[in-house]
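Visitor: Predicted structure and sequence below. I'll ask about it afterward.
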Amino acid sequence: MRKITTDIAIVGAGSAGLCAAYQARSAGAEVLVIDENHRPGGQLFKQLHKFFGSSAHRAGTRGYVIGRELLERVEKSGVTVWLDSVVYGMEKDRSIGVIHDGENIVVDAKKVIVATGAKENYMAFPGSTLPGVMGAGAAQTMVNINRVLPGKRIVMLGSGNVGLIVSYQLMQAGADVLAIVEAAPKIGGYGVHAGKIRRAGVPILVGHTITRAIGEKEVEKVEIAEVDDHFRPIPGTEQIIEADTICLAVGLNPMTELLWMAGCRFCFIPAFGGHVPMHDANMETTVQGLYVAGDVTGVEEASSAMEEGNLAGVSAAASLGLLTFEAAEERRKEILGRLDTLRSGMFGERRRTAKEKQLAETAAYEAGRRE
Amino acid sequence: MQDADVIIIGGGIMGCSIAWQLGKYGKRVLVLERKDVAAGSAGATDGVVGYHTKRPGPQMDLAVASIAMFRDLAGELGENIEFDFTAGGMQPAEDKMQYDLLASIAEEQRTSGVDIRMISGDEARALEPNLADDVYGALYCPTSGKVNPLKLTNAFAHAAKRGGAVIQTETEVTGFLIRDGAVKGVCTDRGEYYCDTVVNACGSWAGLTAKMAGLDLPVTPRKGQLAVTEPVDFFMRATIQCALYNIIKFRPEAIRDKRALKLGASLSIEQTENGGMIIGSTREFAGFEKENTFEAIDVMMKRAIRFFPALENVDIIRFFSGFRPYTPDGLPMLGETAALKGFYMAAGHEGDGIALSPITGKLIAELIAEGKPSYNIDVFSPNRFLG
């Protein structure tokens, strides 16, 4: 078991991790980014669609282009990136256990930034363990990264942006999306995405759920039904759809395992996907020297993740004395301004309230600890 | 008013086994458990039910009596406890020195009439084909078995309840009511419960519980770290410990590797019914610190691959740890304390608690209900530490 040291170790080379790495490296820190995937960029490389929002956040640019630019910037800056490397644990002293190139290495960093993102929620129903039932994100990886169709005839469960966008991309890749099934009485995602789907002739069945997947060795049919006000299936409303694939787009939850191991305090914020780590305005958790950024702090979207990454990178570098207080404050102010814009408007308000609650709970906890 | 004939402290494998057995005598039993049934060591261990890991002498005799009970246990408890009594137990040795040490331990163990043999490397590989090519030889015990400790503990608890026992969880003991040198009740965070007989079945926490009764009994936690793999196809039948397991346990002076000695690290591995493998383990003195450590994981994983090279490509899905109740002489404390009438000990089995749980329940119940167990347990008396 070899031990190595570095200034800043970052777990996760997605939107947040890459931004954090660039900021910290630009300030002069020695930075190591670790990711278990074969290629960096996290979810960005799956996103063939154009981003929304303001020009500061690359509206109109496709996700994978943003990912490529981030990556080039990081590579040029002199950050060390370990890919295909699994972080399997964190001890209380924030040291990280990594399997890299078949070797067990313990990374002892002065500061650690966890940017592990989120994972898909699962929904259980009879037949949900049959091959052919998968997360919508997994289906997206298959078509957009690996260029493999997960199936020919697809039923999507969930009409949030993930469900809508992945449905459209599956159709672009040549699959038939037979229906988008949504238990809520209205569509969850942006109207512009839903409009595209509808124009392509795909029914979005609100007030419906999947009650059963039918098949011997794999999905052959899907049974759906209408639901009542309490989301219970209404007997007698069942319909059978001949499909070979069910995609579940029923939300995400933060990948917080490392933070629990390290002893971080958590708060419960349903709008962010459940238990999320407490952190202050500098993205530092209740464990000193351990920072977080991106969806692991609460599920939002890529632009916010990038800005949180920027913030964590600047803060970690500043705490190492690599930036003057004034310089760090100035950068933080700019970043917070952009984050503020992202967390406004019809869809952003809910996230702004959630983030304010998270920061307030952290402040209350820290105040209690000082007493 | 008495709340129960017997109050058992601890809803682990010992407490539940004793509660079940006492019910057979018509005793009114109340089990007080701080967390939940099997929340402690019984839910954080592997399931070796073997003779070959037992100390020669009285502990081995206890194991022989206990393992005999396992044969009919599932039927009696009416539940599947995933017991496989012909799985076998094996301890592969890396070289002649380890082999000879095992052979000398086995010779002592055989005086209890158990079938523990020494076999060649080829014989060992014939039994377990995934074993490494260079294994020198092995100790083998064909009649050792394995069980699911979590299911066993719950089965004891269910049977105890059917027999009339009350198992009250989330109740923490805070002290004892004592009068004229005899225990009269138990104080908890939920109030007081009156009785004349108390059994301390708190496993690694038994020393702390005894202290509340003014008794200084040396039961201390010894941490064992373990890993669980993803489920795989059939890989191994026997429960396997590397030779260091018995050598650390019975001949620690022969260990040269300082890290192995400090961590008490040896390989212990078994495949469970669902295909996942449990890989351990360590024996560390770290108080009640439960964390998994990179150092221990490194030692355990390397040891696992050293004996089973094919494991290199199997993923670990989880690490966990549990506490083994250690006593200075390696023997459990069973029986009433002379210093405090009505206060019984049933703890300190270290790594042998799962295998010894049926007999412990039976003997303690006999002792309480009939005044005398069917089998002499004087050597395990807690009074040996109370001078």
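Guide: Received, thanks. Here the structure is a predicted model, which is why all the values come from computation and not from measurement.

Visitor: so after the lengthiest strand in chain A, what's the next helix or strand?
Guide: The single longest strand within chain A, with elements called by DSSP state E, is strand A:103-114. Toward the C-terminus, strand A:103-114 is succeeded by strand A:118-120 as the next helix or strand (DSSP states H and E).

Visitor: C-terminal to that following strand, what's the next element?
Guide: Note on strand A:118-120: by DSSP H and E, the next helix or strand toward the C-terminus is strand A:133-135.

Visitor: tell me which residues in the following helix or strand past that following strand are buried?
Guide: Downstream of strand A:133-135, the next assigned helix or strand under DSSP H and E is helix A:136-144. For helix A:136-144, the neighbour count (16 or more other Cβ atoms under 10 Å in any protein chain shown) marks A:136-137, A:139-144 as buried. Backbone N, C-alpha and C define where each C-beta goes, glycine included.

Visitor: Please name the bridge partners of whichever residue of the stretch 51-200 of chain A sits closest to chain B.
Guide: Nearest residue of the stretch 51-200 of chain A to chain B: residue A:97, at 4.7 Å (Cβ to the nearest Cβ). With DSSP bridges applied, residue A:97 shows beta-bridge pairing to residue A:89, residue A:106.

Visitor: just checking, what packs against the longest strand of chain A?
Guide: Judged by 3 or more Cβ pairs under 8 Å, 6 or more residues apart in numbering or on different chains; DSSP states H and E, strand A:103-114 is in contact with strand A:2-11, helix A:15-26, strand A:31-34, strand A:96-100, strand A:290-292, helix A:302-319, helix B:294-307.

Visitor: In that strand, which residues are buried?
Guide: Using 16+ other Cβ under 10 Å as the test for burial, strand A:103-114 gives A:104-107, A:109-114.

Visitor: Which segments of chain B make up each domain?
Guide: B:6-44+B:150-218+B:329-385, B:89-142+B:220-326 (automatic domain parsing).

Visitor: Quick one: closest of these to chain A.
Guide: domain B:89-142+B:220-326 (4.1 Å).

Visitor: for that closest one, how far is the first residue from the last?
Guide: This stretch, domain B:89-142+B:220-326, spans 23 Å end to end (Cα to Cα, to the nearest Å).

Visitor: Looking at it now, give me its mean pLDDT.
Guide: Over the span of domain B:89-142+B:220-326, the pLDDT mean works out to 94.

Visitor: can you redo the helices and strands packed on strand A:103-114 as JSON lines with mean neighbour count and distance to residue B:144?
Guide: Shown next, in JSON lines, are these (neighbours: other Cβ atoms under 10 Å in any protein chain shown; distance: least, Cβ to Cβ, whole Å):
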{"stretch": "strand A:2-11", "mean neighbour count": "20", "distance to residue B:144": "38"}
{"stretch": "helix A:15-26", "mean neighbour count": "30", "distance to residue B:144": "49"}
{"stretch": "strand A:31-34", "mean neighbour count": "26", "distance to residue B:144": "42"}
{"stretch": "strand A:96-100", "mean neighbour count": "21", "distance to residue B:144": "33"}
{"stretch": "strand A:290-292", "mean neighbour count": "28", "distance to residue B:144": "45"}
{"stretch": "helix A:302-319", "mean neighbour count": "27", "distance to residue B:144": "53"}
{"stretch": "helix B:294-307", "mean neighbour count": "20", "distance to residue B:144": "17"}
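
Visitor: so who does the residue nearest to residue A:16 when sequence neighbours are not counted touch?
Guide: Spatially, and ignoring its direct neighbours in sequence, residue A:16 is nearest to residue A:294 (2.8 Å; Cβ to Cβ, 6 or more residues apart in numbering or on different chains). Residue A:294 makes contact with A:12, A:14-17, A:115-117, A:304-305, A:308-309, according to Cβ atoms under 8 Å, 6 or more residues apart in numbering or on different chains.

Visitor: With respect to residue A:253, which of the buried residues of helix A:136-144 is nearest?
Guide: If you rank the buried residues of helix A:136-144 by distance to residue A:253 using Cβ to Cβ, residue A:137 comes first, at 12.2 Å.

Visitor: follow-up on the earlier one: got the helices and strands packed on strand A:103-114 as CSV, with distance to residue B:28 columns?
Guide: As requested, the helices and strands packed on strand A:103-114 are exported to CSV (distance: least, Cβ to Cβ, whole Å):
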stretch, distance to residue B:28
strand A:2-11, 55
helix A:15-26, 60
strand A:31-34, 58
strand A:96-100, 50
strand A:290-292, 52
helix A:302-319, 60
helix B:294-307, 44
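
Visitor: picking that back up, ok, the residue of the stretch 51-200 of chain A closest to chain B to residue A:233 distance?
Guide: Distance, residue A:97 to residue A:233, using Cβ to Cβ, to the nearest Å: 45 Å.

Visitor: Make a markdown table out of the buried residues of strand A:103-114 and add distance to residue A:183.
Guide: Converted to a markdown table, the buried residues of strand A:103-114 look like this (distance: Cβ to Cβ, whole Å):
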| residue | distance to residue A:183 |
| --- | --- |
| A:104 | 45 |
| A:105 | 46 |
| A:106 | 46 |
| A:107 | 43 |
| A:109 | 44 |
| A:110 | 47 |
| A:111 | 43 |
| A:112 | 39 |
| A:113 | 37 |
| A:114 | 33 |
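
Visitor: of those, closest to residue A:319?
Guide: Within the buried residues of strand A:103-114, proximity to residue A:319 (Cβ to Cβ) peaks at residue A:111, which comes in at 6.5 Å.

Visitor: check contacts around the nearest residue to that closest one once chain neighbours are set aside.
Guide: Distances taken as Cβ to Cβ, 6+ apart put residue A:316 closest to residue A:111, at 4.2 Å, once the chain neighbours are dropped. Taking Cβ under 8 Å, 6+ apart, we find residue A:316 in contact with A:8, A:20, A:24, A:29, A:111, A:113, A:291.

Visitor: go with 10 Å
Guide: Residue A:316 sits next to A:7-10, A:20, A:23-24, A:27, A:29, A:31, A:109-113, A:282-284, A:289-291, A:293, A:322-323 when contact means Cβ atoms under 10 Å, 6 or more residues apart in numbering or on different chains.

Visitor: quick check: mean pLDDT across the longest strand of chain A?
Guide: For strand A:103-114, the mean per-residue pLDDT is 97.

Visitor: and what of stretch A:30-45?
Guide: For stretch A:30-45, mean pLDDT is 88.
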